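> Fold the following.
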Amino acid sequence: MFKNKTKRKLKEIIGEYRAKRRIKKDSKNRFKMIPDKKKNHKWIVIPVVFVLLFSLIVYTLYDNGRIVVDYVTVTHSQVPVSFDGYKILQITDIHGRKFGVENKNLVEAINNVEYDMILLTGDYMSSPESGDYWDIIDLLDDLDKKDVPVLYILGESDYTPLKTENLNENWNMCIYPKENNKMMEYFEDIGVKFVYPISTIEKNGETIFFTGINYVENKFDEVNFDVDKHFSICVTHKPIDYDVNARLAEVNKSRLHEVDYDLSVSGHTHGGEIRLPLLGAVYVEGKGVFPQEEDTKGLHSDGQGRFNYISPGLGADGFPGFRFYNPPTISVITLKRG
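Residues are numbered from 1 along each chain as shown. A predicted model of the protein is given here:
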């Protein structure tokens with residue numbers, strides 16, 4: 001009997017020991033099966049960030065390589081009957097960039113749109129010293145339409161000012177070099193006309209005028225031009241400031257003819273170059289961080305019967321040297337009488 005009691009006791013002790021070991025073992029296994037949440041999150045976040053960055057890079061490369069067309073319509077009572085529906089193709093701010101081999105993609109994009117004339121608004125070269133003016137000459141030569149009028153002005157990347165000139169003071173300037181450069185000479189050879197002092201396009205006996213607002217000579221007196229009767233387009237590289245009346249008053253002090261316009265067409269801003277969804281341009285020179293859209297790109301009215309159009313253009317300049325959420329753009333401006 002004593003032996004039986006001892007055996008039972010021993011079995012109970014061994015059973016308790018084994019049970020404790022099993023519980024301990026199970027506890028260890030259970031802890032091993034429960035993942036470390038911090039480590040697990042780390043390994044999830046890293047691939048997600050990598051995928052997002054890779055997607056952004058791919059999107060940016062794609063977005064910088066494609067070309068979109070910005071179609072805008074300007075309706076104005078002074079548009080001549082013959083120019084109702086007239087389409088102006090604006091090309092601006094290439095900055096020496098090529099789209100495909102020998103600009104094939106850009107040529108195709110232009111050949112796929114309808115237009116009646118071409119308006120070039122500056123910054124064709126990467127810098128005044130680069131000498132890459134042949135790109136814009138070759139581009140014009142490769143287009144299907146050879147018989148349309150082509151007008152142009154220069155931007156600050158196309159022209160090295162003389163010591164007596166200060167481009168920073170000529171923010172709205174239709175830049176007119178005091179000495180012709182090589183690009184201007186080649187433009188002249190192929191029939192591309194510089195907007196100085198006033199250029200005209202005629203159709204069925206009616207005329208529209210292309211002007212600038214910051215000339216150093218009273219050349220307006222040589223042209224029969226009445227701003228109250230004729231539709232006029234002010235062509236500048238940098239956009240017109242929105243204090244237009246003060247600007248025009250200053251210019252008109254030395255004019256016998258009053259200078260005004262119905263539509264201004266410009267570039268320079270690149271649409272802000274870097275844009276964010278819902279927020280728009282991050283920064284524009286002279287306009288600061290997150291500027292108003294009317295200072296960045298697109299068609300806007302000043303509320304006094306004048307329209308201002310800023311094209312986002314095609315290229316990128318300076319830091320960071322690429323565009324984001326802002327594809328390279330050519331513009332087609334349609335004039336409507338109304």
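> wait, H268 sits on G122?
Yes - using Cβ atoms under 8 Å, H268 is in contact with G122, at 7.2 Å. Quick note: C-beta positions are derived from backbone N, CA and C, even for glycine.
> Could you pull out the strands in the stretch 51-200 of the chain for me?
68-76, 87-91, 117-121, 150-153, 193-194, 198-203 (DSSP state E, counting those that start in this stretch).
> Which one, of those, ends up nearest to I136?
strand 117-121 (7.3 Å; Cβ to Cβ).
> Contacts for that closest one, please.
For strand 117-121, contacts defined as Cβ atoms under 8 Å, 6 or more residues apart in numbering pick out 86-93, 136, 140, 148-153, 155, 192, 201, 210, 235-237, 265-267, 311.
> hmm, which of those are the buried ones?
Burial by neighbour count, judged by 16 or more other Cβ atoms under 10 Å, picks out 86-93, 136, 140, 149-153, 155, 192, 201, 210, 235-237, 265-267, 311 from the contacts of strand 117-121.
> neighbour-wise, which of H268 and G122 wins?
More crowded of H268 and G122, by other Cβ atoms under 10 Å: G122, with 27 against 24.
> quick one: the more buried one and I240, what's the gap?
Using Cβ to Cβ, to the nearest Å, G122 is found at 14 Å from I240.
> Make JSON lines out of the strands of the stretch 51-200 of the chain and add mean pLDDT and distance to Q304.
Listed next are the strands of the stretch 51-200 of the chain as JSON lines, based on pLDDT from 0 to 100; distance: least, Cβ to Cβ, whole Å:
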{"stretch": "strand 68-76", "mean pLDDT": "98", "distance to Q304": "13"}
{"stretch": "strand 87-91", "mean pLDDT": "98", "distance to Q304": "22"}
{"stretch": "strand 117-121", "mean pLDDT": "97", "distance to Q304": "23"}
{"stretch": "strand 150-153", "mean pLDDT": "94", "distance to Q304": "24"}
{"stretch": "strand 193-194", "mean pLDDT": "90", "distance to Q304": "29"}
{"stretch": "strand 198-203", "mean pLDDT": "92", "distance to Q304": "22"}
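> In JSON lines, list the ones you listed along with distance to H300.
Below are the strands of the stretch 51-200 of the chain laid out as JSON lines (distance: least, Cβ to Cβ, whole Å):
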{"stretch": "strand 68-76", "distance to H300": "10"}
{"stretch": "strand 87-91", "distance to H300": "15"}
{"stretch": "strand 117-121", "distance to H300": "17"}
{"stretch": "strand 150-153", "distance to H300": "21"}
{"stretch": "strand 193-194", "distance to H300": "27"}
{"stretch": "strand 198-203", "distance to H300": "24"}
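> mind checking which helix or strand of this structure has the lowest mean pLDDT?
helix 2-33 (a mean of 55; mean pLDDT, DSSP states H and E).
> neighbours around A249, how many?
A249: 12 neighbours (other Cβ under 10 Å).
> Need the CA coordinates for stretch 44-59. CSV is fine.
What follows is stretch 44-59, C-alpha atoms only, in CSV (Å, rounded to 0.1, in the frame of the first residue of the first chain):
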residue,chain,number,x,y,z
ILE,A,44,6.1,46.4,-45.6
VAL,A,45,7.0,50.1,-45.7
ILE,A,46,10.3,49.7,-47.6
PRO,A,47,8.8,47.9,-50.6
VAL,A,48,5.8,50.3,-50.7
VAL,A,49,8.1,53.3,-50.7
PHE,A,50,10.3,51.7,-53.4
VAL,A,51,7.3,51.0,-55.6
LEU,A,52,6.0,54.6,-55.2
LEU,A,53,9.3,56.1,-56.0
PHE,A,54,9.8,53.9,-59.0
SER,A,55,6.2,54.7,-60.2
LEU,A,56,7.0,58.5,-59.9
ILE,A,57,10.2,58.1,-61.9
VAL,A,58,8.4,56.2,-64.6
TYR,A,59,5.5,58.6,-64.7
